[in-house]
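J.: what would the 3D arrangement of this be:
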Amino acid sequence: MVEQLVIATGVMGLLFLMAIVVTSVVLVRGVRRRYRSVRARFLGPDGRPDLSGTLRASGSVAAASLGSPVWWRVQNHRHRLWKAVTSAEHAVGVARRANVATGDLPALARDLHAAATAVDAVLRASGHQGPLREEDRLDCDRIVVAADEIREAALASLRHGSHSDTEMVVSAVRIEVAALAAGLRASHG
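T.: All right, here's what the predicted structure looks like:
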């Protein structure tokens, strides 16, 4: 009995020691990988540090951006744009997984994503140069409207499929419950 307890304690100690070694190796590898990626980001092509204006320029650009109402308006447009596009993509994906009719909605959602990427690039590029041009704002609004239409179409298809499935199940349950009740009455009556 004591011998088994000593063996079990030894095995548990060995497993604990192995877990510590494996965890240490994984942590060291992760830290080294992050260190190398950060180091590579700041090294020039010749392997020497290349910080020529990197920190100073990004800090001044960040300060100018955060204080600019125009920049905030552009970010608001970008947020609305991507919120609508990802919502439409999500609704289409759910509809496809639910095996309801989607027609060309998946292809339209992909095309909409590509168009949104192009409009987003224009919005990002113009964010520091003053107010948005009217055509850029209209492009953004048109994509938001199209995304909302795709989302509504996918939801309508989901609702139709859900209603059809619900009606079939409820009808089958009613028939089965009625048949079971009739069978019970017949067996007791």
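
J.: low pLDDT regions in the chain?
T.: Within the chain, the segments meeting pLDDT under 70 span 44-67, 127-130, 189.

J.: got the residue ranges for the helices in it?
T.: Assignment of helices within the chain using DSSP state H yields the ranges 2-42, 54-66, 69-97, 105-126, 134-188.

J.: same for the fourth one, what does it pack against?
T.: It stands for helix 105-126. If contacts are counted by 3 or more Cβ pairs under 8 Å, 6 or more residues apart in numbering; DSSP states H and E, helix 105-126 sits against helix 69-97, helix 134-188. Placement of C-beta: from N, CA and C, glycine included.

J.: elements contacting the last one?
T.: The reference is to helix 134-188. If you count contacts as 3+ Cβ pairs under 8 Å, 6+ apart, helix 134-188 packs onto helix 69-97, helix 105-126.

J.: got the angle between the longest one and helix 134-188?
T.: Using axes from the mean of the first three to the mean of the last three Cα atoms, to 10 degrees, the interaxial angle of helix 69-97 with respect to helix 134-188 works out to 30 degrees.

J.: domain map for this structure?
T.: Here the chain is described, according to automatic domain parsing, as comprising the domains 1-36, 68-188.

J.: check contacts around L108.
T.: Counting by Cβ atoms under 8 Å, 6 or more residues apart in numbering, L108 touches I150.

J.: repeat that for 10 Å
T.: Applying Cβ atoms under 10 Å, 6 or more residues apart in numbering, one finds that L108 lies in contact with 88, 92, 102, 146-147, 149-150, 153.
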